[in-house]
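Colleague: Sequence and computational prediction follow.
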Amino acid sequence: MTPEDIAPLFTRADGRYLCARWGRPIVPVVFGVEDATLSSVKGAIEAVVALAGHQMAETDPELGANLMIFFFRDWAELGGVPNLDRLIPDLPPLLARLQAQGANQYRAFRFDADGAIRAAFVFLRMDAALSVLPAEELALAQAAQVILLWSEQAFANRSPLARAGTGAQATVILRPEIAGLIRAAYDPAMPAVAQDPSHALRLAARLGSG
């Protein structure tokens, strides 16, 4: 990928470049799924965290869990989740907006003082489109989208996933260039937060050397 390919993946709707990675170990908790799906979700998170060279932990000393993933059927269900309005500001109007848009997913991030990711919240409304996806595929896509702060439109037109192999042997993997970007962004020599578009040049250089 060239810097021109990479920059839009981290350019916000207002034109600002912003790439951030997690600044602490990730502690996931998943709500609204059966044990088999829970295993798939946590396995996908573990795989992407390992790819990044980052860490997971049993608990976050400040938050307990810092990656919360909710599966549900209707946005209105979230209004009854205890204390969620303390974690997500302006929750009622947000839910009303997502309901009106017919959205089936939403991600919210919280940041440390230096701008690194401190917590993430993933909301998945299991409509017809999401319900037909295998749990492993849905989980891997979500794990990829919370390991970094991507642009809101980064995956609007193309999934972060690809298929490897053919027929019954086909498996779903991260697109190689997306996997490479995740590894590059977590390189210890790279900053945890970048707001200058020249960061895309540094990512591209690491992809080229990898």
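Modeller: Received, thanks. These numbers were taken from a predicted model, which means no experiment stands behind them. Numbering: from 1, shown residues only.

Colleague: Show me what the host helix or strand of residue 181 is in contact with.
Modeller: Using DSSP states H and E, residue 181 maps to helix 176-185. With contact meaning CB atoms under 8 Å, 6 or more residues apart in numbering, helix 176-185 is reached by 1, 5-6, 9, 19, 21, 48, 51-53, 144, 147-148, 160, 162, 173-174, 190, 202-203, 206-207, 210. C-beta coordinates here come from the backbone N, C-alpha and C atoms, glycine included.

Colleague: Give me the next element, helix or strand, following it.
Modeller: With DSSP H and E, the next secondary element past helix 176-185 is strand 193-194.

Colleague: tell me what the lengthiest helix in the chain is packed against?
Modeller: Longest helix in the chain by number of residues, with DSSP state H as the criterion: helix 35-52. Taking 3 or more CB pairs under 8 Å, 6 or more residues apart in numbering; DSSP states H and E as contact, the helices and strands that helix 35-52 lies on are strand 28-31, strand 67-72, helix 135-146, helix 176-185.

Colleague: Residue 102: which of these is closest?
Modeller: strand 67-72 (14.7 Å; CB to CB).

Colleague: Enumerate every residue touching the spatially most central residue of the chain.
Modeller: The chain has residue 146 as the residue nearest its centroid, 1.8 Å off, counting by CA atoms, centre = their mean. Residue 146 sits next to 67, 107, 109, 120, 122 when contact means CB under 8 Å, 6+ apart.

Colleague: Point out where the protein drops to low pLDDT.
Modeller: Within the chain, the ranges that satisfy pLDDT under 70 run 168, 209-210.

Colleague: domain assignment for it?
Modeller: Annotated domains of the chain cover 1-21+149-210, 22-147 [automatic domain parsing].

Colleague: Enumerate every residue touching residue 203.
Modeller: So residue 203 contacts 3, 6, 19, 181, 184, 185, 190 (CB under 8 Å, 6+ apart).

Colleague: What of residue 162?
Modeller: With CB under 8 Å, 6+ apart, residue 162 has these contacts: 172, 173, 174, 175, 176.

Colleague: The third one contacts residue 160, doesn't it?
Modeller: Pointing back at residue 174 there. Yes - between residue 174 and residue 160 a contact is recorded at 6.0 Å, counting by CB atoms under 8 Å.

Colleague: so what's in contact with these two at the same time?
Modeller: Common neighbours of residue 174 and residue 160 (CB under 8 Å, 6+ apart) are residue 144.

Colleague: Run a quick neighbour tally on residue 57.
Modeller: The tally of other residues near residue 57 (other CB atoms under 10 Å) stands at 12.

Colleague: so who does the residue nearest to it when sequence neighbours are not counted touch?
Modeller: Leaving aside its chain neighbours, residue 57 sits nearest to residue 25 (3.7 Å; criterion: CB to CB, 6 or more residues apart in numbering). By CB under 8 Å, 6+ apart, the contact list for residue 25 reads 54, 55, 56, 57, 60.

Colleague: okay, how far is it across stretch 118-138, tip to tip?
Modeller: 23 Å (CA to CA, to the nearest Å).
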